[in-house]
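Engineer: Provided below are the primary sequence and the corresponding predicted coordinates.
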Amino acid sequence: MKEVIKNRSLLMCAVVMMLVLSLFSSDIFLPALPEIARQFNVTPSQGQKMLGYFLFGVALMQLIYGPLSDSVGRKRLLVFGTSLFIVATFAINFARSFDQVLALRVIQAVGASASIVLGRAIIGDLFSKEEAGKIFLTIFPIVGMSPALAPMIGGQIANVFGWQACFIFAGLFGIVLLGLTLTVVPETLPPAKRNPLSAIDVAQSYTNLLMSRRFWHYALVPCIAYAVFYAYIAESPFLLLKQGVSDKVIGFTYLSLSLTYVTGNLIARWSMSKGFTLDRALATGYTIFAAGGIMMFLTTWIAPNFSAGSIAAISVMTLGNGFLLPLGTSGAVTAVPSCAGSASGLMGAMQIGAAAIIAGIIGPLSGHNPQTFGMIVFIVAMAGFFIFQATRHLCYRADIRQQHS
C-alpha cells in the first residue's frame with residue numbers, strides 16, 4: 001500500500017487511461033471514415049460497421065472480464081487486454097481488405113474492454129466507498145468527454161498524416177498505458193480474496209437483475225442516451241459533409257458536445273446537492289434531452305442543410321446526457337444491492353450494446369438523409385422520455401404496495 005500511495009498520481013493517470021481507452025478508440029477515426037470507405041471501396045453504411053463491430057465487442061466482453069477478474073486477478077488480465085489492443089490497433093494499418101479491418105476492430109475491442117472493466121474494479125479494490133465516490137466524481141467528466149474529444153483529435157491527425165495515423169496514435173496510447181500498468185499498477189486483488197469462477201452464480205445474479213423492474217427503469221436511461229449520442233457520432237461525418245461542412249473542420253464540431261456534457265454533469269451534481277432526488281434529477285435531464293430531440297427534428301426538416309442547427313440540437317441533447325449517463329448508471333448499479341458487481345457489468349454491456357446496434361443500423365435507416373436522421377433521433381428521444389415516465393410510475397406504485405404490505 002505504501003507503494004500505491006507513493007505513486008498515487010501515476011496510478012490515477014493509469015486508471016483514467018484505462019477508463020478512456022475503449023471509448024477513445026471507438027471513434028477516433030470517424031472524421032476520416034469517408035476516406036477509409038473510399039480506399040476500401042465500400043459504401044458509407046458499410047464503413048460505419050467499423051464503429052458497430054467495435055462497440056459490440058466491448059459490450060460482450062464486459063460481461064466476461066468482470067467475473068473472470070474476480071477469479072484470476074486484475075493485473076494479469078489488464079496486461080493481456082492492453083497488449084492485444086496494441087497489436088490489433090497497429091495491424092489495422094496493414095489490412096488488405098475491409099473484412100480484415102472489421103476483424104481487427106473486433107480483436108481491438110476484446111483487448112480494450114479489459115481496461116474499462118478493470119479500471120473500475122481497481123478503484124473499488126484500493127479505496128473505501130467514500131474515497132472511490134470522490135475519485136469517480138473527479139474523473140467521470142473526463143471519461144464522458146472522451147467519445148466526443150476523440151473525433152476532434154482524430155480529425156486533425158488524419159488531416160495532416162492520413163487516416164492510418166489515427167490508429168498509430170491509439171496504439172501509442174495503449175503502449176503508454178501498458179507501461180504504466182507494468183510499473184505503477186499493483187495487483188489489487190490478492191489470491192486470498194479471489195472467488196471461484198462459477199457460471200451458476202453469475203447466471204443467477206444476471207437473472208435477478210433482469211427480473212428487477214427497478215433495474216430496467218434506470219438501465220434504459222443511459223442505453224437510450226448512448227444510442228442517440230452514437231447515432232449522431234456514427235452519422236455525423238456524412239451528415240455534416242452533406243450539409244456543406246468541410247471534412248477538414250468536422251473534427252472541431254465535436255467540441256461543443258464535450259462542453260455541454262460537462263456542463264450537464266456539473267448542473268446535475270449541483271441539483272443533487274440541493275436535495276433533488278435521483279428520479280427528479282433524471283426527469284430534469286430527460287426534459288432537456290427531449291427538447292434537444294424536438295430541436296433536431298425541427299431543424300433538419302425546416303432547414304436540412306443548416307449544419308449549425310444540427311450541431312446545436314445534439315449539443316442540447318448532450319447537456320441532458322450530463323444528467324442521464326451518470327445518474328442512470330448509478331440507479332441501475334444500486335437497484336439490486338446484492339448484485340452490484342454484476343449490475344455494473346450488465347449495465348455497461350447494455351449501454352455499449354445499444355450504441356453498437358444504433359451505430360450499425362443508423363446509416364441504412366436514414367439513408368444519410370438529414371431529414372430522416374432528424375426523425376429517427378426525435379422518435380428515439382421521445383420514446384425514451386415516455387418510457388422513463390411510465391417505469392417511474394410503476395416503480396412508485398410498487399413502493400406504495402410494499403409499504404402497505
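Structural biologist: Nice, thanks for sending it over.

Engineer: quick one: mean pLDDT over the longest helix belonging to the chain.
Structural biologist: Taking residue count as the measure and DSSP state H as the definition, the longest helix of the chain comes out as helix 370-404. Confidence over helix 370-404, taken as the mean pLDDT, stands at 86.

Engineer: which parts of the protein belong to which domain?
Structural biologist: Per automatic domain parsing, the domain ranges recorded for the chain read 1-188, 198-405.

Engineer: starting at the chain centroid, how far to the longest one?
Structural biologist: Here domain 198-405 shows a centroid-to-chain-centroid distance of 11 Å under the convention C-alpha atoms, centre = their mean, to the nearest Å.

Engineer: where does the stretch 1-150 of the chain have low pLDDT?
Structural biologist: Within the stretch 1-150 of the chain, the stretches with pLDDT under 70 are 1-6, 127-138, 140.

Engineer: ranges for the helices of it?
Structural biologist: Ranges of helices within the stretch 1-150 of the chain are 2-6, 8-27, 33-39, 44-47, 49-72, 75-91, 98-126, 129-161, based on DSSP state H, counting those that start in this stretch.

Engineer: likewise the stretch 151-300 of the chain?
Structural biologist: Under the criterion DSSP H, counting those that start in this stretch, the stretch 151-300 of the chain carries helices at the ranges 164-183, 199-210, 213-242, 255-273, 278-302.

Engineer: helices or strands up against the longest one?
Structural biologist: On a contact count with 3 or more C-beta pairs under 8 Å, 6 or more residues apart in numbering; DSSP states H and E, helix 213-242 meets helix 33-39, helix 49-72, helix 129-161, helix 278-302, helix 307-333, helix 340-366, helix 370-404. Backbone N, C-alpha and C define where each C-beta goes, glycine included.

Engineer: residue 108 is in contact with residue 82, isn't it?
Structural biologist: No - counting by C-beta atoms under 8 Å, residue 82 is not a contact partner of residue 108; they are 11.2 Å apart.

Engineer: contact partners of stretch 57-67?
Structural biologist: Contacting residues not belonging to stretch 57-67 are listed as 22, 26, 77, 81, 105-110, 112-114, 116-118, 121, 197, 202, 341-342, 344-346, 348-353, 356 [C-beta atoms under 8 Å, 6 or more residues apart in numbering].

Engineer: filter those residues down to just the buried residues.
Structural biologist: Under a neighbour-count criterion of 16 or more other C-beta atoms under 10 Å, the subset of those counted as buried comprises 22, 26, 77, 81, 105-110, 112-114, 116-118, 121, 202, 341-342, 344-346, 348-353, 356.

Engineer: thinking again about what came up before, rank the helices of the stretch 151-300 of the chain by pLDDT, which is bottom?
Structural biologist: Of all these, helix 199-210 carries the lowest average pLDDT, namely a mean of 81.

Engineer: let's see that helix as PDB, backbone CA atoms only.
Structural biologist: The C-alpha trace of helix 199-210 is given here as PDB (Å, rounded to 0.1, in the frame of the first residue of the first chain):
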ATOM      1  CA  ALA A 199     -21.200 -19.900 -14.100                       C
ATOM      2  CA  ILE A 200     -24.200 -20.800 -11.900                       C
ATOM      3  CA  ASP A 201     -23.600 -17.800  -9.600                       C
ATOM      4  CA  VAL A 202     -23.000 -15.400 -12.400                       C
ATOM      5  CA  ALA A 203     -26.200 -16.600 -14.200                       C
ATOM      6  CA  GLN A 204     -28.200 -16.200 -11.000                       C
ATOM      7  CA  SER A 205     -27.000 -12.700 -10.500                       C
ATOM      8  CA  TYR A 206     -27.900 -11.700 -14.000                       C
ATOM      9  CA  THR A 207     -31.300 -13.300 -13.800                       C
ATOM     10  CA  ASN A 208     -32.100 -11.400 -10.600                       C
ATOM     11  CA  LEU A 209     -31.200  -8.200 -12.300                       C
ATOM     12  CA  LEU A 210     -33.200  -8.900 -15.500                       C
END
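
Engineer: buried stuff in that helix?
Structural biologist: 202, 205, 206, 209.

Engineer: if I look at the closest residue in space to the last one that isn't next to it in sequence, how far off is residue 266?
Structural biologist: Excluding its sequence neighbours, the residue lying closest to residue 209 (C-beta to C-beta, 6 or more residues apart in numbering) is residue 215, at 5.0 Å. Residue 215 sits 27 Å away from residue 266, going by C-beta to C-beta, to the nearest Å.

Engineer: cool, and residue 81?
Structural biologist: From residue 81 across to residue 266, the span is 32 Å (C-beta to C-beta).

Engineer: swap in residue 310?
Structural biologist: Computed with C-beta to C-beta, the distance linking residue 310 and residue 266 is 25 Å.

Engineer: the more surrounded of those two?
Structural biologist: Under the neighbour definition other C-beta atoms under 10 Å, residue 310 and residue 266 were set side by side, and residue 310 has more, 28 against 12.

Engineer: quick one: residue 289 and residue 383 touch, right?
Structural biologist: No - contact between residue 289 and residue 383 fails when scored by C-beta under 8 Å: they sit 11.6 Å apart.

Engineer: between the two, point out the one with more neighbours.
Structural biologist: For the pair residue 289 and residue 383, the greater number of neighbours falls to residue 289 (29 against 14), based on other C-beta under 10 Å.

Engineer: the closest residue to that one other than its chain neighbours: what's it in contact with?
Structural biologist: The shortest distance from residue 289 to any non-neighbouring residue, by C-beta to C-beta, 6+ apart, is to residue 320 (3.1 Å). Applying C-beta under 8 Å, 6+ apart, we find residue 320 in contact with 225, 264, 285, 286, 287, 288, 289, 290, 291, 292.

Engineer: let's see it at 10 Å
Structural biologist: Applying C-beta atoms under 10 Å, 6 or more residues apart in numbering, we find residue 320 in contact with 225, 228, 260-261, 264, 268, 282, 284-293, 381, 385.

Engineer: could I get the helices and strands packed on helix 213-242 as JSON lines with distance to residue 243?
Structural biologist: Formatted as JSON lines, those follow (distance: least, C-beta to C-beta, whole Å):
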{"stretch": "helix 33-39", "distance to residue 243": "14"}
{"stretch": "helix 49-72", "distance to residue 243": "20"}
{"stretch": "helix 129-161", "distance to residue 243": "16"}
{"stretch": "helix 278-302", "distance to residue 243": "9"}
{"stretch": "helix 307-333", "distance to residue 243": "4"}
{"stretch": "helix 340-366", "distance to residue 243": "13"}
{"stretch": "helix 370-404", "distance to residue 243": "6"}
